[in-house]
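coords below, sequence missing:
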């Protein structure tokens, strides 16, 4: 027998093989069963609870690696590694173990390989790559999930598109064959 539980909403979608609780009202709307319940269908033992203490805490101001400025994104990678992406001051990616130990920092300010002026977005591209977008340079940088610089590419647009106010494009993801999906940066 399947059980259905509503967590936050008082309206519960019907489950075909479970009778609604006695406090529920069932009605039909164009052949769709609607179940409305004003009381929870679970008891206090079935409820979800948050642990009193977090499992992991990052952001300790006494540790330089945990001093973040404008976080763009964070990823939990296969194996548990956590990557926190800073926009700027400095623009970088910080790698932490699943227990919160700082492993490495990748990037930093500059124009060289693996350096950034700013980080506008970062994407996890399975199975083993991070795509990092620097909007100020128009550069799309590929970093391995272990923090190694894999390469970068600037996507230039046609002359006609450039006249429309978009000279470069930033990657939005990568297809399995390696092709980059990009969109123009409009000024």
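Looks like it came in fine. All values derive from a computational prediction rather than experimental measurement.

what stretches of the chain score poorly on pLDDT?
Under the criterion pLDDT under 70, the flagged ranges of the chain are 1-22, 155-180, 182-187.

Show me what stretch 89-106 is in contact with.
Stretch 89-106 has contacts (CB atoms under 8 Å, 6 or more residues apart in numbering) with 56-58, 63, 65-66, 68-70, 76, 79-86, 107-109, 114, 116-119, 122, 130, 132, 134, 143, 146-147, 149. Placement of C-beta: from N, CA and C, glycine included.

ChimeraX command for the buried members of these?
In ChimeraX, this line selects whichever of these come out buried by 16 or more other CB atoms under 10 Å:
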select :58,65,66,68,81,82,83,84,85,86,107,114,116,117,118,119,122,130,132,134,143,147
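
give the contact list for residue 147.
Shown in contact with residue 147 (CB under 8 Å, 6+ apart): 93, 95, 103-104, 106.

Highest neighbour count among these?
When neighbours are counted as other CB atoms under 10 Å, the busiest of the contacts of residue 147 turns out to be residue 93, with 26 neighbours.

Pretty sure that one sits in a strand.
Yes - when DSSP: H, G, I helix; E, B strand; the rest coil is applied, residue 93 is found to be in a strand.

how about the strands in this structure?
With DSSP state E as the criterion, the chain has strands at 11-13, 24-29, 32-37, 71-76, 82-86, 92-96, 102-107, 121-125, 129-134, 139-144, 149-156, 168-174, 180-184.

Pull up the distance across stretch 139-149, start to finish.
The first residue of stretch 139-149 is 13 Å away from its last residue (CA to CA, to the nearest Å).

Over to stretch 121-134?
Stretch 121-134 stretches 8 Å from its first residue to its last (CA to CA).

If we go by neighbour counts, what in that stretch is buried?
By neighbour count, with 16+ other CB under 10 Å as the criterion, the buried positions of stretch 121-134 are 121-125, 130-134.

Identify the bridge partners of residue 29.
Counting by DSSP bridges, residue 29 is bridged to residue 32.

quick one on the thing from earlier: and residue 48, which of the strands of the chain is closest to it?
Nearest of the strands of the chain to residue 48, taken as CB to CB: strand 11-13 at 15.9 Å.

re earlier: and residue 50, which of the strands of the chain is closest to it?
The minimum distance between residue 50 and the strands of the chain falls on strand 71-76, with 18.2 Å, by CB to CB.

Mind listing what's buried along the closest one?
With burial defined by 16+ other CB under 10 Å, the residues of strand 71-76 counted as buried are 72-73, 75.

what's the offset of it from the middle of its chain?
Going by CA atoms, centre = their mean, to the nearest Å, the spacing between the C-alpha centre of strand 71-76 and its chain's C-alpha centre is 6 Å.
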